[in-house]
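>>> No sequence on hand, only this structure:
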Ligand code: G6P
């Protein structure tokens, strides 16, 4: 076992996020198996060399809660697991409180607001049920605040992540005014005229919660300015758009723009291991000599999978030259299935996929390969194989798939990219960009991408990969720490 740091008040660097770097599953005999998570935050944290750093996260499942309860002073024993140097403290929050905070407020309300997902004639409805959820969101944010306050050394830097924890910076500042506090939004930010559909007190508390931070980070300038617009319109805060600062009740919060990039070293190494090679061979066999259009997403409303499939159908209907000459590989892995909207959306994706294969498929050609289970090596294999990548979200904080595919691509890949993805700010020049709501324009973009000459495709892919890796996760993380001072 490794040396255990002092259990309280000794961490010079802290990270807080709902989903932590590890999760647990329990086997039939009750033993717990640990899994390392993926994503930019986990890679970014590998830059921390300080063994006293602490990552505070929530237990997300019964297995996580069991592991959290078994952990001495709440810290998981990660010895022997490749999860970086820091300690992980997993909070065992009451399951009902957690569900109301995570499903009710974070994922059904704040996520919907920032991604403009509401069908407004019928939803949202802010009633008593929402008020209970909002109260739970407060309790859940308090649990994080108290854990951070207990773990932080004097003057420590605390980096709070995302919309789950928007009340933490303000509350933490009250408990521990000595700390340097950063908040980072991995989502877009809603424009004021949409944001103010939230109940007035909720809208204001979320903004003032984040303004409790010394710095509030965003993935693009567009989202940072939208946040500033909301602070000005709803709170009457003073905004300096050139300096990117918001001043409210005598305190100034600096807004930072940190465009998280792809982790090239990790991806290139991981994408050439035998498990990926094996999956690539299987995909190649299914595709044959045909061209490929690849998409990889969580089955997420904002990812716009349904319109992507409709665009592919339109392409096959209107350009018969592609019949039997293209295969669409769509990986849509499970996400947030506690929410009925996500279950319905998953069903809609599967329905349209069947319709496409019924309409065009032959005994020797399956026009669409849809997989709805998660398999990271298989996703990497598809990245390598793709002739065209389709990334068409309605709205997206960044979209790392758009950045990862050019890095991993074997022979160059044309990128069809939504202008509403954060990645658009960095990749627009060498992508074929689309209005994600326009299915015909998306079909045209797919056609252009499929017919792009090989030389041009390879050149563009090189430039896309360079732009996509400009700020690797480790640097992204260190930049924020440095900016906090
Ligand atoms: C987005 C959010 C993250 C979240 C991830 C997966 O990227 O910004 O905070 O962790 O989606 O969603 P989940 O609800 O499964 O954690």
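Sure thing, it's come through. None of the values given here were measured: they were computed from a predicted structure. Numbering: from 1, shown residues only.
>>> pLDDT weak spots in the stretch 301-450 of the chain?
Low-confidence segments of the stretch 301-450 of the chain (pLDDT under 70): none present.
>>> need the residues of the chain near the ligand, please.
19, 107, 162, 186-187, 335-336 (Cβ under 6 Å from any ligand atom). Where you see a C-beta, it was placed from the backbone N, CA and C, and this is true even at glycine.
>>> now what about stretch 170-181, what contacts it?
For stretch 170-181, contacts defined as Cβ atoms under 8 Å, 6 or more residues apart in numbering pick out 141-142, 145-146, 148-149, 152, 154-158, 160, 169, 208-215, 484-485.
>>> please redo it, this time with the cut-off set to 6 Å
145, 148-149, 152, 154-158, 169, 208-209, 212-214, 484 (Cβ atoms under 6 Å, 6 or more residues apart in numbering).
>>> Surely residue 460 touches residue 430?
Yes. Counting by Cβ atoms under 6 Å, residue 460 touches residue 430, with 4.1 Å between them.
>>> and residue 296, what does it touch?
331, 379, 401.
>>> Adding neighbour count, distance to residue 89 and secondary structure, write these out as TSV.
What follows is these, written out as TSV (neighbours: other Cβ atoms under 10 Å; distance: Cβ to Cβ, whole Å; DSSP: H, G, I helix; E, B strand; the rest coil):
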residue	neighbour count	distance to residue 89	secondary structure
331	21	33	strand
379	23	30	helix
401	24	31	helix
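>>> What is the nearest of these to the ligand?
Nearest to the ligand, judged by Cβ to the nearest ligand atom, of the contacts of residue 296 is residue 401 at 11.3 Å.
>>> Is the residue lying closest to the closest one once chain neighbours are set aside part of a helix or strand, or is it coil?
Nearest residue to residue 401, sequence neighbours excluded (Cβ to Cβ, 6 or more residues apart in numbering): residue 296, at 5.3 Å. Under DSSP: H, G, I helix; E, B strand; the rest coil, residue 296 falls in the strand class.
>>> Which residue comes closest to residue 113 once chain neighbours are left out?
Closest to residue 113 by Cβ to Cβ, 6+ apart is residue 190, at 5.0 Å.
>>> Residue 251 now?
Nearest non-adjacent residue to residue 251 (Cβ to Cβ, 6+ apart): residue 211, at 7.2 Å.
>>> how close does the one you found get to the ligand?
Here the distance between residue 211 and the ligand works out to 20 Å (Cβ to the nearest ligand atom, to the nearest Å).
>>> Please tell me I have it right and that residue contacts residue 248.
Yes. If you go by Cβ under 6 Å, residue 211 and residue 248 touch, sitting 5.3 Å apart.
>>> Look at those two and report which has more neighbours.
residue 211 (25 against 18; other Cβ atoms under 10 Å).
>>> what does the model give that one for pLDDT?
In this prediction, residue 211 carries a pLDDT score of 98.
>>> before we move on, the earlier item: closest one to residue 70 out of the residues of the chain next to the ligand, please.
residue 19 (19.9 Å; Cβ to Cβ).
>>> Who are the contact partners of the residue in the chain positioned nearest to the ligand?
Nearest to the ligand in the chain, going by Cβ to the nearest ligand atom, is residue 186, at a distance of 3.5 Å. By Cβ under 6 Å, 6+ apart, residue 186 lies in contact with 162, 397.
>>> could you redo the last one with a cut-off of 7 Å?
Neighbouring residues of residue 186 by Cβ atoms under 7 Å, 6 or more residues apart in numbering: 161-162, 219, 397.
>>> related to what we said a few turns ago, please name the bridge partners of the residue nearest to residue 401.
Beta bridges link residue 296 to residue 331 when assigned by DSSP bridges.
>>> Please work out which residues outside the host helix or strand of residue 307 touch it.
Per DSSP states H and E, residue 307 falls inside helix 305-318. Contacts with helix 305-318, where a contact means Cβ under 7 Å, 6+ apart, come from 293, 295, 297, 299, 322-323, 328, 332, 348-349, 352-353, 356, 360, 367, 390, 392, 436-437, 439-440, 442-443, 446-447.
>>> Please pick the buried ones from those residues.
Buried by 16 or more other Cβ atoms under 10 Å: 293, 295, 297, 299, 322, 328, 332, 349, 352-353, 356, 360, 367, 390, 392, 436, 439, 442-443, 446-447, out of the contacts of helix 305-318.
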